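1. I need the structure of the sequence given here:
(one chain, ligands or ions: 1)
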Amino acid sequence: MADKQAIGVVGVGWVGLVTASCFAELGHPVVAMDIDASKVEALRRGEVPIHEPDLPELVTKNAERLRFTADSDELLAAADLLFCCVDTPPTVSGDADLSRVRAVLETLPSGSDHVLVMKSTVPAGTGAAIRREKPALAYVSCPEFLKEGSAVSDFMNPDRVVIGADPGDEAAADAVEDVYRPLGGEVVRTDVASAEMIKLAANAFLATKISFINEIANVSEEVGADVTEVARGMGLDERIGSSFLRAGIGYGGSCFPKDVSALKQLAGNTGYHFQLLTAVIEVNELQKRRVIKKLEKHLGSLAGKRVALLGLAFKPDTDDMREASSLVLAARLQGEGAEVVAYDPVAEGPAREALNAVDLRPSAAEALDGADAAVLVTEWPEFADLDWAGLAGRMANPLLVDGRNFLDPQALRDAGFVYEGIGRPSED
Ligand code: UDX
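-> Next up, the predicted model:
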């Protein structure tokens, strides 16, 4: 059997580390480079700095094929196929910050004929600009669609693999298709600009779906409907589909907020006003703040009240706090004079850095002790199995706002709670 193609990965954040270890699992020799030498050192010791299911096992299992380095020369010498996995966070203007992508380009010597495979989410038009700047380089856009919490299984079982290349780079695109072939999933071969747009449009559409169902939830509250029933009835229409119709306290994470904003700004920079995305962003912002009104309805002023947040990460199975709804919620509660205590099964470390003056407790029970209200922010599975009747007795006032419609309202009421969901009938 022919030797598997060597693969280089630039950036060992979420996307880079998952990409590197999954390609190693598929039998490729992989060199993964990061400018952060301490991260590289940690990975060499087998320490995985993020919470992602199955990832530590893959890194350990494939240690022989997976080399970490902070030296770009080592990377360039080891592989022709380079996957660019650096982050593209938002700038103050809401555009994507391409400085890390630029730094990667600077490590490529002029005349380098490597294949640069762009996995980082970049504005449409970036590939064309890079191609003009580095004519010897082959350029392929291959956006990632990994969800945190299931990134390894998403990589190994893709719905589709999008491969964008412009005329002249077909051989490079074939090489990328070859390394993805064992994974299955429909391959979408297209041009670079379209591939870049697919990524932005897919995330913007999913965010739109969430803001849409959140608005339906808000109207449902007014008319006495239950949004979980509405979503069930809508989702069975195969043109709509049932996924991403869970109402709650808004989307967060490292992708949706920044990608929706980046697409809005990208459109604006061309002179087009993407009105729908403006509304999607605003609905998401307001959705986090509606919890305050729900608490005030039962408690009156929140000044001096103790509110316990259950879950802090932007979603379960991750310790990622980026753009988490808990950040806005904690700040708003503190702004109203409330004392905020919290518990998260894994995000305690990142939360300590991100949250000011929030008292982090080691268990849900200790967070709820003496609290005037609880807000379920992240639907960690363990919250379904708590002894809610016992917990009601430990609170000063058993009020629960279920920000993810995760718990059974009747079971919580039977356990002695006043239960408020999102878009569901309340008791009064
Ligand atoms: C997302 C995309 O799904 C992925 O394809 C892309 O590559 C990166 O961005 P991720 O950020 O890991 O992945 O999270 P995702 O599972 O998509 O959830 C995003 C946010 O939406 C979370 O805060 C989640 O709680 C929220 N959400 C999701 C809802 O509020 N309702 C839903 O129905 C679904």
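2. give the contact list for the residue most central in space within the chain.
-> Most central in the chain under Cα atoms, centre = their mean is Gly253, positioned 3.9 Å from the mean C-alpha point. By Cβ atoms under 8 Å, 6 or more residues apart in numbering, the residues touching Gly253 are Glu148, Phe314, Lys315, Asp320, Arg322, Glu323, Ala324. C-betas here are computed from N, CA, C, even on glycine.
3. Take these and write them to TSV, including pLDDT, distance to the ligand and neighbour count.
-> Written out in TSV, the entries for those read as follows (pLDDT from 0 to 100; distance: Cβ to the nearest ligand atom, whole Å; neighbours: other Cβ atoms under 10 Å):
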residue	pLDDT	distance to the ligand	neighbour count
Glu148	94	4	25
Phe314	96	4	28
Lys315	95	4	20
Asp320	92	8	22
Arg322	93	9	19
Glu323	95	8	19
Ala324	96	7	28
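4. Which residue, other than its chain neighbours, is closest to Ala247?
-> Closest residue to Ala247 apart from its sequence neighbours, by Cβ to Cβ, 6 or more residues apart in numbering: Ala217 at 3.7 Å.
5. same for the helix or strand the one you found falls within, what does it pack against?
-> Remark: Ala217 resides in helix 192-223, with elements defined by DSSP states H and E. On a contact count with 3 or more Cβ pairs under 8 Å, 6 or more residues apart in numbering; DSSP states H and E, helix 192-223 meets helix 126-133, strand 138-141, strand 160-164, strand 186-190, helix 227-235, helix 256-269, helix 275-299.
6. The fourth one vs helix 192-223, what angle?
-> This points to strand 186-190. Taking axes from the mean of the first three to the mean of the last three Cα atoms, to 10 degrees, one finds strand 186-190 and helix 192-223 inclined to each other by 120 degrees.
7. Deepest in the core, which of the helices and strands packed on helix 192-223 is it.
-> For these, the stretch with the most neighbours on average is strand 138-141, a mean of 27; neighbours defined as mean count of other Cβ atoms under 10 Å.
8. what's it packed up against?
-> Using 3+ Cβ pairs under 8 Å, 6+ apart as the contact test, the elements touching strand 138-141 are strand 115-118, helix 126-133, strand 160-164, helix 170-180, helix 192-223.
9. Name the next helix or strand downstream of that strand, please.
-> Per DSSP H and E, strand 138-141 leads on to helix 151-156 as the next helix or strand towards the C-terminus.
10. Can you tell me which helices and strands that next one packs against?
-> helix 14-25, helix 55-61.
11. what's in contact with the first one?
-> Okay, so that is helix 14-25. For helix 14-25, with Cβ under 8 Å, 6+ apart as the criterion, the contacting residues are 7, 9-10, 12, 30, 32, 34, 43, 48, 50, 52, 55, 58-59, 61-62, 65-66, 83, 85-86, 119-120, 144, 146, 148, 151-152, 155-156, 179, 254, 320.
12. Adjacent strands (with direction) for the next helix or strand after it?
-> Past helix 14-25, further along toward the C-terminus, the next helix or strand under DSSP H and E is strand 30-33. For strand 30-33, sheet partners with direction are given as strand 7-10 (parallel), strand 66-69 (parallel), following DSSP bridges.
13. Just the CA coordinates for the first one, please, in PDB.
-> Which is strand 7-10. Presented in PDB, the C-alpha positions along strand 7-10 are these (Å, rounded to 0.1, in the frame of the first residue of the first chain):
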ATOM      1  CA  ILE A   7      -0.100  16.500   6.400                       C
ATOM      2  CA  GLY A   8       0.900  19.800   8.000                       C
ATOM      3  CA  VAL A   9      -1.500  21.600  10.300                       C
ATOM      4  CA  VAL A  10      -1.000  25.300  11.400                       C
END
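14. pLDDT of it, averaged?
-> pLDDT averaged over strand 7-10 equals 98, rounded to a whole number.
15. likewise stretch 183-203?
-> Throughout stretch 183-203, pLDDT has a mean value of 97.
16. Return the set of buried residues in that stretch.
-> Along stretch 183-203, these residues count as buried under the neighbour rule (16 or more other Cβ atoms under 10 Å): Val187, Thr190, Val192, Ala193, Ala195, Glu196, Met197, Ile198, Lys199, Leu200, Ala202, Asn203.
17. ok, Ala175 - contacts?
-> Counted by Cβ under 8 Å, 6+ apart, Ala175 has contacts Gln5, Leu81, Val115.
18. in the sheet, who's paired with the last one?
-> Right, the one you point to is Val115. With DSSP bridges applied, the residues forming beta bridges to Val115 are Leu81, Ala138.
19. Number of residues surrounding it?
-> Other residues lying near Val115 total 21 when counted by other Cβ atoms under 10 Å.
20. I'd say Arg290 and Ala217 touch.
-> No. With contact defined as Cβ atoms under 8 Å, Arg290 does not reach Ala217; the gap is 9.3 Å.
21. hey, what's in contact with both of these two?
-> Going by Cβ under 8 Å, 6+ apart, residues that sit against Arg290 and also against Ala217 are Ile422.
22. counting contacts, what elements does the helix or strand of the chain with the lowest mean pLDDT pack onto?
-> For the chain, counting by mean pLDDT, DSSP states H and E, helix 348-354 ranks last in confidence among helices and strands (a mean of 87). Packing partners of helix 348-354 (3+ Cβ pairs under 8 Å, 6+ apart): strand 359-360.
23. Contacts for the strand it packs on, please.
-> Contacts of strand 359-360 with the rest of the structure, by Cβ under 8 Å, 6+ apart, involve Glu339, Val340, Val341, Ala342, Tyr343, Asp344, Glu348, Ala351, Arg352.
24. about what we covered before: export the helices and strands packed on helix 192-223 as a markdown table, with columns for distance to Ser211.
-> What follows is these, written out as a markdown table (distance: least, Cβ to Cβ, whole Å):
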| stretch | distance to Ser211 |
| --- | --- |
| helix 126-133 | 26 |
| strand 138-141 | 27 |
| strand 160-164 | 24 |
| strand 186-190 | 26 |
| helix 227-235 | 13 |
| helix 256-269 | 9 |
| helix 275-299 | 4 |
